[in-house]
Structures are given as structure tokens and as C-alpha cells.
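Give me coordinates for this.
(chains A and B)
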Amino acid sequence: MSNTTSTLEEIISQEYQHGFETSVEADALPRGLSEDTVRVISAKKNEPEFLLEWRLAAYRRWLEMTPPEWASVHYPPIDYQDIIYYSAPKSQKDGPKSLDEVDPELLKTYEKLGIPLHERAILAGVAVDAVFDSVSVATTFKDKLAEKGIIFCSFSEAVQHHPELVRQYLGSVVPVQDNFYAALNSAVFSDGSFVYIPPGVRCPMELSTYFRINAKNTGQFERTLIIADRDAYVSYLEGCTAPMRDENQLHAAVVELVALENAQIKYSTVQNWYPGDNEGRGGIYNFVTKRGDCRGAHSKISWTQVETGSAITWKYPSVILRGDHSVGEFYSVALTNHRQQADTGTKMIHMGKNTRSTVVSKGISAGHGHQAYRGLVRIARAASGARNYTQCDSLLLGDKCAAHTFPYIEVKNASAKVEHEASTSRIGEDQLFFCRQRGLSAEDAVSMIVNGFCKEVFKELPMEFAVEAQKLLGVSLEGSVG
Amino acid sequence: MLIIKDLHASVGDKPILNGINLEIKAGEIHAIMGPNGSGKSTLSNVLAGRENATVTSGSVLYQGKDLLALAVEERARQGVFLAFQYPVEIPGVGNVYLLKAALNAQRKHRGLPELDALDFLALVKDKMKLMEMNESMLYRSVNEGFSGGEKKRNEILQMAVLEPKLAILDETDSGLDIDALKIVANGVNSLRAEDRAMILVTHYQRLLDYIKPDFVHVLVGGKIVRSGVPELAHELEKQGYAWVCDEGMGVAEVQPKS
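Numbering: from 1, shown residues only, chains lettered A, B, ... in the order given. Below is the predicted model of the structure:
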């Protein structure tokens, strides 16, 4: 057993591989947050009056709010005056017209992350809206998408070119006062992605954003808004990595999804932000509000996430099932290793009739990792015929980690069917021994077992993401046969 | 192929093996019989390298090398195979995937090219016929939801695919009905080869009706108290293990102190 344990420890103590810093001159505001900061950000982005007012209202609400303390995570208080709220790479100022104009340093950064924009975008048919710190640097395939009337651009561009859409939908899923971090984001958000799929259009490719936090002490406040109009379909991929840092960095993003009648949105995330070192120094604080609104009947929103990074994760991608017969799904793999903490899960709010939701959560804890699944299933009085199925599985590696499950179920309609299943297991010494006896190294054996554990979630990911997710968990590709 | 000399091993503080001596040549099948708690499974585990048993003294030479110095997977790659008494389940991992990964890990170690998906499938389907297994079992998770008989057949299928030099079958007959036993025995018999040795660990003579061993050893109290030709097994079946114990084989002094 001792041998098994030490091999496990070796595997789970591997260093973060994306720790490098790109030296690009940055155009940044001084540290600190005030009404003036909000005004400067808005002015730098040349925003219309309504947006400035919206930001200021959010800022004022934020001042009255306190950070949530109910989550099962522990960290020292954050000094919000010690954060830089706006940072844009300087070479970016005039905005690149094409990939050729993009700073080669930035492109190299993406390459180290394994996403060479040119090849990857073209070969994989992925349109990439790459977010480098606070400003989108390159958007590919925009023209091709425009032919179909699809809008896929940075949030800032959307504000300039489609202010009516922004005005109509911004904050309509996550209102400014929703929670402390959402209010903060609403006040100071710098950029993000904007997607609009017109009625009846099926987006012909996966849309993708790579986030990367680069400059020191830069808070990252992404704002993403995706709207699928009637009978539209879109699949959106979000990938995140950050270089190694000693200071903790705050990431408080907001993602809003709106699905109108009969529309479908599939949102997939692979997140491997810097988790901090073995002792728990450094790492990203990932306090994110993600919510989808199935506004129309027969609409569907699916969240699939693979979370392997961040020092602390506080994240509950949720679906409001407003339209009758709408469907919400949440598939999650979360890995906590070293001193990582995660309090994550989902909320399924059933309001329409015959709404259905599925939750499959796979938590893996290793090292001193600490993980909680927190989920809410609420069936409103009007939601007759609603159904939910929830499955929460935890896998423990080693004996110093922890896993908790906090399911909340509120049912106000007697016709509802709600199922909850949960399990906790450990990678068995007998499973490891069996695999090694067949000739596999302990490392491959662990990968294989973990991969098997996550299979139900991985199969929900788009192909290229599934591969990346498996790599992230240090596993070799399964499925080349059968 | 295998020379075990004065092997002592403990599980926790408890001595289980108390001086095993055994020599096995290529092409031979040795049956090891014994009552519950005599150390049969511990011997299998020690040979395969399971860490729950600690070798306290003695030596094991395998193909001239110190077997005990090798890690579990090293032993496997050099041809040591253990068919498990209780095959483990691995949810979500396809049977075919495990087999392919295992075979290719072993091939790589031997400097052979890895088999691609098509060649591998052809190979494994051929071997499955031998075990009278349904192809659908390839795509199910390893042993998950398998019946007792299916699990044991699956073990022998792995053996057929991996083609070991030394196969240890730990109570492969336990939990099998007579039809399954025949299929398993057929599979094992077809794997008899000049360059392959096998150790059959079993309680019962029943298995030996179908797989004819060259030698039978009786393990009691962590020691081989008697070795002989296959007829010894029949004698045991008739008389019970008390017979060898009563014959003054010095069993009393090697009983584990508990």
C-alpha cells in the first residue's frame, strides 16, 4: 500500500505546466476602485450613456453588499482597493485588423497553451475569440458567421455595433444585485464575448473563447452574453489558463445565456487556471456567476464543465426553466488537488410545465483538496409535471482530501419527480494492483480509472474539448477502439 | 523458470508463509491445494507483487532474475500473470480498452510495435471465441455487472491475449458452475505450451479433472507439507486435508501463531 500511496502522491503533485508570462506592455489603470474607476473604464471603451449608468448603479449596489460566506471555502479577505481593474496590452490600442497584425508575443502565448490560432482555428473549424487580459485580440471566422446573420464578437464591439441587443439582454438573466461578485462584475467588467444567433439559424461551427489572465494583479471581469433566438442552435466552448503567480488573483466573471422558443445552447468549459503551488500559495480565485434562461417553450440549455484549476472555485452554472417543456442540463467534472478548494454545483429552477433537468456531477479530490457539491433543485408551484434527475459521485485519491455534498431540494408542486443519487468512492488499491498486474504503470492506471469515472461527463463534451479534458486529467485517449 | 527458496511472508504482523520451497520448469503445470487460511492466496499475491504481503525472508528467482526486486508492472511485462480470485470492477473503463492498453504496454516493453485498433480487435475476437464470450462484453466496463462466471472467463481471456510465461490462477474454479468450469478449463488447456508454466491454486480436486497438472502440492500452515503426482489430489479429495495434517508432517510447529 505504501508504494501505491507514494505513486499516487507523485502523480498528484505534478507542477502546473502553463506557468509563463508574456512580456507585453500594458495600458493599465492604477490600483483601486471608485466611481471614477467605473467612469474611466466606460470612457476608455467609449460606451453609450445607458451602459455607464448601468455600471454605476451596479457599483452603488455593490458598495452595500458583503461577500457570501456560506460556501465551504476558506481564504483571507480580499482587498478590493489593491486590484487593477483595467489592463489592456498596449500594442492592442489601435486594434488589429487581422491575425497578421496581432502581437507575435501574444500568438506565442496561445501556442504554448496549445492553441495556435491559425492552424487550430482553421483545421478544427473553430472560430476563436481570444481574450488576452481585458481586450479581445483576435476574432476569426467573423465574416463566415456574418453571412448567416450570426454575431460573434467581443463584448466591447457588441456595445458599439449592437447596443440595442446589449441593452435588451444585459443583466436580464443575472441582475446586477444578484450577488456580491456579479454586482462587482457589472460595475467594472472589461470585456468578454457576445453571441447572437438569429431565428432558425444553426451555428455551423463551435464558437470558442480562450481566456488567459496575464498581467500581475489584474482582476479579470469577463462578461459573456449569448442569445439564441427562436429555433436557433449554438455550441460555445470556453477554455481558461493562467500563468504562475504568487499573489492570488480574482476572477469574477458573469455569463448570461438566453434561449428563446425552441432554441438550444450548449456551453462547455475547460478551466485549468493556476491552482496555486503544493503549499497553497498563489492561484486564481474563481468566483463566477453563470446562468442560463430557458425563456421560450421547448428550449434547452446544457452546461458542461471540466474544472481542474483555480485555488478556489465558487461556481454554480444554473438554468432557469421558464418556458414550458424546456430542458436544463449540467454535467461537471471538478478536480481539486494540493490545497485547492471548490464549492461548485448547479441550480435548476423549474417554473414552466413539464420542464426537465439532469445533473451529473463528478468530483475528484486528491492531495489536500477540498471539494463540495452544492446543488439546488427548485420546483415552483406552477411547474406541474417537472422532473429532475441528479447524480453526484465523488472519488477520493489518498487520505488527506475531502468531499462533501449539499443537495437542496424544494418542491412546491406535487406532480414533480425528483431523484437524487450520490456516491463516494476511493480509487481502490485492488483496482490499481489489477491494472498494474496487467502491465500498466501506476500513473496510467490512475488516469484510466479517473477517466472511466468521468466518462459520463466527457461524452457530453465536443470532441476536441473531450480530448483536451482527458489530457488535462493526465489521461491517454480512450475510445480509439469501440 | 521459477525457483522459490525458503520463502517467508507476513500480512500485517501475522506470518502466513513459513518457508515455501518450490521449483517450476517451463511447460509444467503445478497445482497448489490446501485448506482455507493455509496461505495459498498470499503465495499468489507475493509472486505477483501485491503490497499487502511482506516478504520477511527467502528468495524467488524467475527466469534467473530476482522476482521480488521487480515492481508489479515489471513482473507483468516480463510475463507473470495472475488470474484473480475476485476480479475487480472498474466503472467506465471499457474491457477492450483495458486489454488493448495492457497488451500494448507489454509489447512496448518487449520492443514490439503497438497494435493498432483493427489488428487488436481481430486478435481479441479470435481469443473470445475460445472463451465462448459474447462480443458485447468487450464494450462493457471492466467486470461491471458481469456474473461470477463471466468475470472468470474474462480473466482467462486476458491471459489468452497477454500470453504470459508464468500464469498463476488463483481459485479460478471458485464460483463456477460445471459448464463455465469446462469453458474455463478448455481455455486454460489451450494455453498449455512448452514455454509456459502455470500454477493452479485451488481448494478442490474438481478443477484438476479438467486441467491435468504435472504435480500437486499441499499447502498447510504456510508450508508445503506434501508434493506428488496428480493422484495425490484424489487421495486428498477422499480423505480431506486432515489426512496430511495427521500424518505427522510437522504441521503443528508451522501453524501460524495467532
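
Would you map the helices across chain B?
For chain B, the helices defined by DSSP state H cover B:40-48, B:72-77, B:95-109, B:117-130, B:136-139, B:148-162, B:178-190, B:206-210, B:231-239, B:241-246, B:251-254.

May I see these arranged in JSON lines, with mean neighbour count, distance to residue A:470 and mean pLDDT as well?
To be clear about C-beta, it is placed using only N, CA and C from the backbone, and glycine gets the same treatment. As requested, the helices of chain B are exported to JSON lines (neighbours: other CB atoms under 10 Å in any protein chain shown; distance: least, CB to CB, whole Å; pLDDT from 0 to 100):
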{"stretch": "helix B:40-48", "mean neighbour count": "23", "distance to residue A:470": "29", "mean pLDDT": "94"}
{"stretch": "helix B:72-77", "mean neighbour count": "23", "distance to residue A:470": "21", "mean pLDDT": "95"}
{"stretch": "helix B:95-109", "mean neighbour count": "21", "distance to residue A:470": "12", "mean pLDDT": "93"}
{"stretch": "helix B:117-130", "mean neighbour count": "15", "distance to residue A:470": "17", "mean pLDDT": "89"}
{"stretch": "helix B:136-139", "mean neighbour count": "14", "distance to residue A:470": "19", "mean pLDDT": "86"}
{"stretch": "helix B:148-162", "mean neighbour count": "22", "distance to residue A:470": "24", "mean pLDDT": "92"}
{"stretch": "helix B:178-190", "mean neighbour count": "17", "distance to residue A:470": "34", "mean pLDDT": "90"}
{"stretch": "helix B:206-210", "mean neighbour count": "19", "distance to residue A:470": "41", "mean pLDDT": "88"}
{"stretch": "helix B:231-239", "mean neighbour count": "15", "distance to residue A:470": "49", "mean pLDDT": "77"}
{"stretch": "helix B:241-246", "mean neighbour count": "15", "distance to residue A:470": "51", "mean pLDDT": "69"}
{"stretch": "helix B:251-254", "mean neighbour count": "12", "distance to residue A:470": "51", "mean pLDDT": "38"}
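
Need these in TSV (columns: distance to residue A:253).
Listed next are the helices of chain B as TSV, based on distance: least, CB to CB, whole Å:
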stretch	distance to residue A:253
helix B:40-48	50
helix B:72-77	43
helix B:95-109	36
helix B:117-130	40
helix B:136-139	40
helix B:148-162	47
helix B:178-190	57
helix B:206-210	63
helix B:231-239	71
helix B:241-246	70
helix B:251-254	69
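
Export only the CA atoms of stretch A:450-457, formatted as CSV.
The C-alpha atoms that make up stretch A:450-457 are tabulated as CSV, following Å, rounded to 0.1, in the frame of the first residue of the first chain:
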residue,chain,number,x,y,z
VAL,A,450,-10.2,8.5,-13.2
ASN,A,451,-11.1,8.8,-16.9
GLY,A,452,-13.6,6.0,-16.5
PHE,A,453,-15.1,7.7,-13.5
CYS,A,454,-15.6,10.9,-15.6
LYS,A,455,-16.8,9.2,-18.7
GLU,A,456,-20.5,10.2,-18.4
VAL,A,457,-19.4,13.9,-18.5
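
Average the pLDDT values over it and round to the nearest integer.
Here stretch A:450-457 scores 86 as its mean pLDDT.

Same question for stretch A:52-68.
93.

now it: how far from the chain's centre is it?
In terms of CA atoms, centre = their mean, to the nearest Å, the centre of stretch A:52-68 is found 23 Å from the chain centre.

Mind listing residues that contact that stretch?
For stretch A:52-68, contacts defined as CB atoms under 8 Å, 6 or more residues apart in numbering or on different chains pick out A:35, A:38-39, A:41-42, A:77-78, A:170-171, A:176-177, A:179-181, A:183-184, A:186-188, A:314.

and those, which of them are in helices?
If you go by DSSP H, the contacts of stretch A:52-68 have A:35, A:38-39, A:41-42, A:180-181, A:183-184, A:186-188 in helices.

Going by distance to residue A:394, which of those wins?
The nearest member of the ones in helices among the contacts of stretch A:52-68 to residue A:394, counting by CB to CB, is residue A:181 at 25.7 Å.

I figured the closest one hits residue A:287, correct?
Yes: counting by CB atoms under 8 Å, residue A:287 is a contact partner of residue A:181 at 4.4 Å.

for the residue nearest to residue B:54 when sequence neighbours are not counted, what are its contacts?
Nearest residue to residue B:54, sequence neighbours excluded (CB to CB, 6 or more residues apart in numbering or on different chains): residue B:10, at 5.3 Å. Going by CB under 8 Å, 6+ apart, residue B:10 touches B:16, B:53-54, B:56.

For the stretch 51-200 of chain B, which residues are neighbours of chain A?
B:51-52, B:71-73, B:75-77, B:81-82, B:84, B:86-88, B:90-94, B:96-98, B:100-103, B:105-106, B:109, B:117, B:120-121, B:138-139, B:141, B:158, B:162 (CB under 8 Å from any CB of the partner chain).

roughly how far apart are residue B:201 and chain A?
With the distance defined as CB to the nearest CB, to the nearest Å, residue B:201 ends up 15 Å from chain A.

neighbours of that residue, just the number please.
For residue B:201, the neighbour count with other CB atoms under 10 Å in any protein chain shown is 25.

which residues does it contact?
B:31-32, B:40-41, B:43-44, B:168-171.

rerun at 7 Å
By CB atoms under 7 Å, 6 or more residues apart in numbering or on different chains, residue B:201 lies in contact with B:32, B:40, B:44, B:168-171.

which of those residues has the most neighbours?
Going by other CB under 10 Å, residue B:169 tops these with 28 neighbours.

Tell me if I'm right that it and residue B:84 touch.
No: Residue B:169 is not in contact with residue B:84 according to CB atoms under 7 Å; the separation is 9.3 Å.

so what sits against both of these two?
Joint contacts of residue B:169 and residue B:84 (CB under 7 Å, 6+ apart) do not exist.

So which bits of stretch A:58-77 are buried?
Under the neighbour-count criterion of 16 or more other CB atoms under 10 Å in any protein chain shown, stretch A:58-77 has A:58-59, A:61-62, A:71-73 buried.

In those residues, find the pair that's most separated.
Pairwise distances across the buried residues of stretch A:58-77 peak at 29.0 Å for A:59 and A:72 (criterion: CB to CB).
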